[in-house]
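Engineer: could you work out the structure for the sequence below:
(one chain, ligands or ions: 3)
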Amino acid sequence: MSVDIVCVGFGPAMGGFLTTLSRSLVKEDGTPVVESATAPGLPPQVICYERGDDVGFGVSGVVTPGRSLKASFPQFDPAQVPMAAPVGVEHIAYLLDPIGASRRSFALRTGDTMLKALQWALPVKHHAFELPWAPAFLQKHGGYVLSMGQFMQWVGAQVMGAGTVQVWPSTPVASALVEDNKVVGVRLMDQGTDKHGRPADGFTPGMDIRAALTVIGDGPVGAIGRQLDETFGLPAGQHQHEWAVGMKLVVDLPPGVDLAPGTVFHTFGFPEPEIFGFMYVHPGNIASLGIFVPSWFDSPMRTAYRYLQHWIQHPYLWRYLDGGTLRSWGAKTLGESGRRGEPHLAGDGYARIGEGSGSTNVLTGSGVDEAWATGTMLAEGVLVLLRASQPFTKENLENAYVARRRASWVDRESIVAEKSRDGFQRGVVTGLIGMGLTGLTGGRLSLWGKPLPPHKRLPSIEEYYRGRVTNDEIARLRTECQAKGISLHSALMDRVGWPAIAFDGKLLVSQQDALLMGGKVQAPSGYADHVVFLYPNVCEQCGIKTCIEVCSGQAIMPGERGVPAFDREKCIHCGACQWNCTQELPDGSGRTNLDFRAGPGGLHSAEN
Ligand SMILES: Cc1cc2nc3c(=O)[nH]c(=O)nc-3n(C[C@H](O)[C@H](O)[C@H](O)COP(=O)(O)OP(=O)(O)OC[C@H]3O[C@@H](n4cnc5c(N)ncnc54)[C@H](O)[C@@H]3O)c2cc1C
Ligand code: SF4
Ligand code: SF4
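Structural biologist: Ligands and ions are numbered 1, 2, ... in the order given. The predicted model follows:
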């Protein structure tokens, strides 16, 4: 099949692209502004494929300044979108450790002792020190608290209502079609295969969709963006070593909690000093809350789920959450390399937008606004080229799109943010000082640190627990967990003093219940597995097996002969496993032994 423009992924970036494009393809009298090259007489044929089972099934915060959203919808009324509210009071709190189980440096422990000693004079309450004000660079005042899922459903209805573009959910793109260094379209996933991708009952090969322009907005873990990075390489000096796994809950707050819609909380310091948290209040006494486990948290037991449960029970948050009920749950990777992760933004026949194109601002923690803006900038450029009957060559796309981006606030602010997090490579206190320095000096000052991928920085489990758990005990716990077919992190966290979670069946639920009650996870049959252990013999030898410990859905579990087993029916497509494999392939590509490919299914909730 041939169309004029084919798009991969329907996240905020593609929302910006298609909103802008769809409004300008026909004149008021219904005739095309320009004629389609593939369907003469009609406007350009634009089709977007989204892998999630419906529009808005992704995961995000969101509190956003919303500058680009307001530019696209000047009359935007938050009352039109479920769960949307203008940003109200913004709190930032440093959480002390009320349990005594987190791994705190000497500097941090000294600081904690001083805070406790001075609590009569300082705003220290509920085991937390609330900053008297939110630094300007972190404020989202004038913006919105949204559910990205609800917002994207609203955007999807507007875009498709325009009648000029199509969005097809439940349709993963398997690969980009590359011919003579030019992208000429995409190939959809084969259907009717076994889990290894071999033809089975009802086999239907994935269709090829050829197009003059392929727009890739498949986010931070998208297989198509990564395919292009491998094919064309990253620009010199660029890397994508920084990311975080974000895991969140949407909760009905208990009756009697009186938090105004739009209230924003950001936390740091607990459950581990490296883990950041957020809670945003929506209308209807609903809150979105969650944590980020960053790439520079040097623990091989970097499980988000167990930490999330400890975080919500911190007294600073539990005073609002105790008695609440889980509505929705999910996780996703956040690309945090920012401008340094920027790939080639355009080439012959293709353009990149959104987080996968390095748009997320790592200083302000803002991704949606920037992703949307890159989509609108590409649409403006594409319209110029269409009207001038110019082909989508690298040169034309650089003039029409990349130049717009270079002149935009997205680029200006990403330059300020570029080195803001480097200090975290040397510790959390250095990191916070570095971020503050960068934010307060507009990017003129920062602290040095070299971002490294996990396979170059993660210590072994034995090294991480040295002095707290003996190697013999780790070996015993590992054998016990393997025999039960479960991951190791819970046993080790229990061992170093984290209390057992008292499940209440409402908000404190097991990881499996979170999949069913919160994620409502599904996986259609007849597709190949999208998580592949490339060299099983490397897994056999791998002692750390971070892929199992980090898995957000318990979809990767101990398997036979030391090779992990993957269960597609539990996978929520967060992409955490891809970033966390610690075994680099020897081919110098920087790739690891775990391949995260395109696939269908996953979360079934549009509230995340
Ligand atoms: C827990 C969490 C909290 C966050 N909080 C905030 C916040 O408060 N404020 C903020 O501004 N940002 C926040 N972010 C970041 C924000 O979500 C991202 O910056 C933003 O979603 C990026 O938009 P995008 O369109 O580039 O990519 P995505 O939102 O990742 O969208 C990409 C889309 O492509 C689809 N896709 C991927 N591969 C394929 C394929 N092969 N075929 C078809 N479709 C495919 C995906 O399913 C997805 O729908 C948060 C992120 C997380 C994970
Ligand atoms: S996928 Fe990577 S981390 Fe997991 S067992 Fe294999 S080599 Fe180890
Ligand atoms: S297997 Fe699925 S749920 Fe588990 S880490 Fe990988 S993408 Fe996330």
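
Engineer: so how far is Q153 from G61?
Structural biologist: 17 Å (CB to CB, to the nearest Å). C-beta coordinates here come from the backbone N, C-alpha and C atoms, glycine included.

Engineer: and G553, by the same measure?
Structural biologist: From G553 to Q153 the distance is 23 Å (CB to CB).

Engineer: pick out whichever of these two has more residues nearby.
Structural biologist: G553 (26 against 17; other CB atoms under 10 Å).

Engineer: so that one touches K570, yeah?
Structural biologist: Yes: using CB atoms under 8 Å, G553 is in contact with K570, at 4.4 Å.

Engineer: overlap in contacts, these two.
Structural biologist: 515, 521 (CB atoms under 8 Å, 6 or more residues apart in numbering).

Engineer: where's S389, which helix or strand?
Structural biologist: Under DSSP states H and E, no helix or strand contains S389.

Engineer: burial count for it?
Structural biologist: Neighbours of S389 (other CB under 10 Å): 9.

Engineer: what do you get for W372?
Structural biologist: Around W372 there are 31 residues (other CB under 10 Å).

Engineer: that one sits in which helix or strand?
Structural biologist: Assigned by DSSP H and E, W372 falls in helix 368-387.

Engineer: that helix near ligand 1 at all?
Structural biologist: Yes: Helix 368-387 comes into contact with ligand 1 (CB under 6 Å from any ligand atom), by way of 368-369, 371.

Engineer: so which of these is the closest to ligand 2?
Structural biologist: A371 (29.1 Å; CB to the nearest ligand atom).

Engineer: verify the stated contact: that closest one with I353.
Structural biologist: Yes: between A371 and I353 there is a contact at 7.1 Å, judged by CB under 8 Å.

Engineer: which one's more surrounded, these two?
Structural biologist: Using other CB under 10 Å as the criterion, A371 and I353 rank with I353 on top: 32 against 28.

Engineer: please look at H239 and P343 and confirm they touch.
Structural biologist: No: H239 is beyond contact range of P343, at 10.7 Å (criterion: CB under 8 Å).

Engineer: neighbour count: these two, which is higher?
Structural biologist: Using other CB under 10 Å, the more surrounded residue of H239 and P343 is P343, with 21 against 13.

Engineer: how about the more buried one, secondary structure?
Structural biologist: coil (DSSP: H, G, I helix; E, B strand; the rest coil).

Engineer: what sits against it?
Structural biologist: Applying CB under 8 Å, 6+ apart to P343 gives the contacts 225, 228-229, 232, 234-235, 238, 352, 356-358.

Engineer: cross these against helices and list the overlap.
Structural biologist: Using DSSP state H, 225, 228-229, 232 are the members of those that sit in helices.

Engineer: how about the residues of the stretch 501-608 of the chain near ligand 2?
Structural biologist: 533, 538-539, 542, 545-547, 564, 581-583, 593-594.

Engineer: and of the residues you listed, the nearest to G526?
Structural biologist: F533 (21.5 Å; CB to CB).

Engineer: run through the bridge partners of the closest one.
Structural biologist: L594 (DSSP bridges).

Engineer: let me know the pLDDT of it.
Structural biologist: F533 is assigned 97 on the pLDDT scale.

Engineer: dump the residues of helix 368-387 next to ligand 1 to a markdown table, plus pLDDT and distance to ligand 2.
Structural biologist: As requested, the residues of helix 368-387 next to ligand 1 are arranged in a markdown table below (pLDDT from 0 to 100; distance: CB to the nearest ligand atom, whole Å):
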| residue | pLDDT | distance to ligand 2 |
| --- | --- | --- |
| V368 | 97 | 31 |
| D369 | 97 | 34 |
| A371 | 98 | 29 |
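
Engineer: on that earlier part again, now the ones in helices among the contacts of P343: which count as buried?
Structural biologist: Neighbour counting with 16 or more other CB atoms under 10 Å marks 225, 228-229 as buried within these.

Engineer: tell me which of those is nearest to I312?
Structural biologist: G225 (32.7 Å).

Engineer: what's the separation between that closest one and S175?
Structural biologist: Taking CB to CB, one finds G225 at 12 Å from S175.

Engineer: so how many other residues sit close to the residue in the stretch 351-500 of the chain positioned nearest to ligand 2?
Structural biologist: Going by CB to the nearest ligand atom, ligand 2 is nearest to H455 of the stretch 351-500 of the chain, at 8.6 Å. With neighbours defined by other CB under 10 Å, the count for H455 comes to 17.

Engineer: surely it is in a helix?
Structural biologist: Yes: H455: assigned to a helix according to three-state DSSP.

Engineer: please name the residues that touch it.
Structural biologist: H455 touches 581-584, 592, counting by CB under 8 Å, 6+ apart.

Engineer: skip the chain neighbours and tell me the closest residue to D322.
Structural biologist: Excluding the flanking residues, the one nearest D322 by CB to CB, 6 or more residues apart in numbering is P254, at 6.8 Å.

Engineer: who are the contact partners of the nearest residue to G375 once chain neighbours are set aside?
Structural biologist: Counting by CB to CB, 6+ apart, the nearest residue to G375 once its immediate chain neighbours are dropped is G16, at 2.9 Å. Counting by CB under 8 Å, 6+ apart, G16 makes contact with 68, 72, 353, 371-376, 379.

Engineer: can you add distance to C481 and give the residues you listed back as CSV?
Structural biologist: Below are the contacts of G16 laid out as CSV (distance: CB to CB, whole Å):
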residue, distance to C481
S68, 46
S72, 50
I353, 42
A371, 39
W372, 43
A373, 46
T374, 43
G375, 44
T376, 49
A379, 50
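
Engineer: next, give me the two most distant ones among those.
Structural biologist: Farthest pair in the contacts of G16, by CB to CB: S72 and I353, 14.0 Å.

Engineer: do you know the pLDDT at W120?
Structural biologist: pLDDT, W120: 89.

Engineer: quick check: it is in a strand.
Structural biologist: No: in this structure, W120 is coil, not part of a strand, as judged by three-state DSSP.

Engineer: make residue 1 into 6 and carry on from there
Structural biologist: Noted, 6 is the first residue going forward, which turns the last one into W125.
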